[in-house]
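> model the structure of this input:
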Amino acid sequence: MEFAILTKLFHNPLVSLVLWSIAATSLNPAMATKRCDFPAIFNFGASNADTGGLAASFPFAGPKPPNGETFFHRPAGRFCDGRLIIDFLANSFGHNYLSPYLDSMGSNFSHGANFASAGATIRLQQGFGQSRFSPFNFGYQYSQFERFKPTTQFIRDQGGVFATLMPREEYFDEALYTFDIGQNDLTAGIFGNMTLQQVNVSTPDIISTFTSNIKNIYNLGARSFWIHNTGPIGCLPTILANFASAELDEYGCAKAYNEVAQSFNQNLKEALAQLRKELPLAAITYVDIYTPKYSLFSNPKKYGFELPHVACCGYGGKYNFSNSVGCGGTIKVNGKDIFVGSCERPSARVIWDGTHYTEAANKVVFDQISSGAFTDPPIPLNRACDRY
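The predicted structure follows:
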């Protein structure tokens, strides 16, 4: 019986993290106090990490009220009622929210920049559904960063007020590079009439494109990488409403679509393990956001949530979601214009608009991944500069 209890404990990620930390500290006491004080953060990704890039580039496509109502009290470039995981991450190091690279109005890049754009994919999308995706795919985001680095140093060398808004040269080597992208590559196939098997077949090429650009960023001096996998897309209203005949699991999520995400994640994890061998000077952390996000649907009451599959800001049907009108839009019902606003308590909801999470959900996920309980290697965020 004691053996069975111990076995369960060692399979508990939180317990494993504690035991690992104790063992590591015993072997190397210096590790007990070591902390990675990243002076800057450079972020790449899609809408789950976009702090205003798409909104600055295409204002008509940016988030409208009631987006931002919980924290910023106005639309702040985020498809959310408030803050994103990247916002909580930046704050945890004492930095301000990351300014979007694509926004020329009042940006401050002294402690990093955000190259993410809502709708971004890893691979350039062609043909179907161009309007669903941002033109600023991961390759373009890398190109923007490639230009950003020398340009900021040129501006610093000129002196004056603008110099203070640029990162120091050494920050590029010492910074944390964060990534949250790939979900749109999967949904591009799903909504592009590909079979789920075909989407799975495309995954290795998607991952290969991703790692190629990671190498490019590494070659520009990046050394610390914090890379998110993708979440349980089968739990999102946008999937549940559009594929109503899909088989659901015990928690109301579309099983086959979650399996697509799981396949992507496994491919990503294996690719990053190989990348560590190829880039020995890099600290590469694989971050499992799938598991903590899925727990919001499997055990919502634990975190104070209700109606986990129902969008807070939406209109129509079982999931309060419709393809014909989004959050902040207007729809005519029985001759009357109906504004699509938010629910009464966004803090009690998991999903904000059918695709994106609420601030409250983002905070729960951040707290879990930053502890190191869901990372490979199992290290907390403030140790993400360590190489193993």
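> distance from stretch 327-343 to the middle of the chain?
Centroid separation for stretch 327-343 versus its chain: 29 Å, with Cα atoms, centre = their mean, to the nearest Å.
> please renumber so the chain begins at 572
Got it, the first residue is 572 from now on, which makes the last one we talked about stretch 898-914.
> so Cys607 sits right up against Trp797, yeah?
No. With contact defined as Cβ atoms under 8 Å, Cys607 and Trp797 do not form a contacting pair (10.3 Å). From N, CA and C alone the C-beta is placed, and that goes for glycine too.
> got any residues that touch both of those two?
When contacts are counted by Cβ atoms under 8 Å, 6 or more residues apart in numbering, the set common to Cys607 and Trp797 consists of 747, 955.
> more crowded one of these two?
Trp797 (24 against 17; other Cβ atoms under 10 Å).
> what's next to the host helix or strand of that one, contact-wise?
Here Trp797, judged by DSSP states H and E, is contained in strand 795-799. Outside of strand 795-799, the residues within contact range by Cβ under 8 Å, 6+ apart are 607, 609, 616, 656, 660, 746-751, 785, 789, 839, 843, 853-858, 860, 940, 952, 955-956.
> can you tell me the strand partners of it and which way each runs?
strand 747-751 (parallel), strand 854-858 (parallel) (DSSP bridges).
> tell me the most buried of the ones you listed?
For those, the stretch with the most neighbours on average is strand 747-751, a mean of 27; neighbours defined as mean count of other Cβ atoms under 10 Å.
> can you pull out the strands in the chain?
612-616, 683-685, 747-751, 795-799, 854-858, 901-904, 907-910, 946-947 (DSSP state E).
> roughly how far is the fourth one from the heart of the chain?
In this view, strand 795-799 has its centroid 11 Å away from the chain centroid, taken as Cα atoms, centre = their mean.
> between it and strand 612-616, how many degrees?
Put simply, strand 795-799 runs at 30 degrees to strand 612-616, going by axes from the mean of the first three to the mean of the last three Cα atoms, to 10 degrees.
> Tyr668 reaches Phe659, doesn't it?
No. Counting by Cβ under 8 Å, Phe659 is not a contact partner of Tyr668; they are 9.8 Å apart.
> which of the two has more neighbours?
Of the pair Tyr668 and Phe659, Tyr668 is the one with more neighbours under other Cβ under 10 Å, namely 21 against 18.
> chain neighbours aside, what residue packs nearest to that one?
With Cβ to Cβ, 6 or more residues apart in numbering as the criterion, Tyr668 has its nearest non-adjacent residue at 5.3 Å, and that residue is Asp658.
> look up how far Cys651 lies from that neighbour.
The gap separating Asp658 from Cys651 is 9 Å, by Cβ to Cβ, to the nearest Å.
> avg pLDDT for stretch 877-892?
Model confidence over stretch 877-892, given as mean pLDDT, is 97.
> give the contact list for Asn708.
Contacts of Asn708 by Cβ under 8 Å, 6+ apart are 691-696.
> and Asp658 and Cys651? Which one has more around it.
Here Asp658 and Cys651 are compared on neighbour count by other Cβ under 10 Å; more neighbours surround Cys651, at 32 against 25.
> right, and the more buried one touches Trp923 too?
Yes. When contacts are counted by Cβ under 8 Å, Cys651 is listed as touching Trp923 (5.5 Å).
> now do the shared contacts for these two.
With contacts taken as Cβ under 8 Å, 6+ apart, the residues that reach both Cys651 and Trp923 are Thr929.
> just to revisit the earlier point, out of the contacts of Asn708, which are buried?
Among the contacts of Asn708, those classed as buried by neighbour count (16 or more other Cβ atoms under 10 Å) are 691-694, 696.
> narrow these to those in helices?
Per DSSP state H, helices hold no members of these.
> got these as JSON lines, with pLDDT and distance to Tyr672 columns?
Supplementary listing: these in JSON lines, determined by pLDDT from 0 to 100; distance: Cβ to Cβ, whole Å:
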{"residue": "Ala691", "pLDDT": "96", "distance to Tyr672": "12"}
{"residue": "Thr692", "pLDDT": "97", "distance to Tyr672": "17"}
{"residue": "Ile693", "pLDDT": "97", "distance to Tyr672": "18"}
{"residue": "Arg694", "pLDDT": "94", "distance to Tyr672": "20"}
{"residue": "Gln696", "pLDDT": "82", "distance to Tyr672": "21"}
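> which of the contacts of Asn708 sits closest to Gly897?
Ala691 (18.0 Å; Cβ to Cβ).
> OK, contacts around that closest one?
Shown in contact with Ala691 (Cβ under 8 Å, 6+ apart): 616-618, 621, 704-705, 707-709, 712, 752, 755.
> related to what we said a few turns ago, as CSV, the strands paired with strand 795-799 with distance to Thr723 would be great.
As requested, the strands paired with strand 795-799 are exported to CSV (distance: least, Cβ to Cβ, whole Å):
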stretch, distance to Thr723
strand 747-751, 15
strand 854-858, 23
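> Val921 and Asn870 touch, don't they?
No. The pair Val921 and Asn870 fails to qualify as a contact (Cβ under 8 Å) at a distance of 11.1 Å.
> so which of these two has more stuff around it?
Set side by side, Val921 and Asn870 show unequal neighbour counts under other Cβ under 10 Å, the larger going to Val921 at 25 against 12.
> which residues does that one contact?
Contacts for Val921 (Cβ under 8 Å, 6+ apart) come out as 867-868, 871, 876, 879-880, 928-929, 932.
> repeat the analysis, applying 6 Å as the threshold.
867, 876, 879, 932 (Cβ atoms under 6 Å, 6 or more residues apart in numbering).
> with Asn891 instead?
881-882, 885.
> ok, of these, which come out buried?
By the neighbour-count criterion of 16+ other Cβ under 10 Å, the contacts of Asn891 include these buried positions: 881-882, 885.
> which one of those residues sits closest to Glu849?
Glu849 has its nearest neighbour among these in Ala882, at 41.5 Å by Cβ to Cβ.
> touching, that closest one and Phe892? I think so.
Yes. Under the criterion of Cβ atoms under 6 Å, Ala882 is in contact with Phe892, at a separation of 4.9 Å.
> relative to Gly639, how far out is Ser675?
Summarising the geometry, the distance separating Ser675 from Gly639, computed by Cβ to Cβ, is 20 Å.
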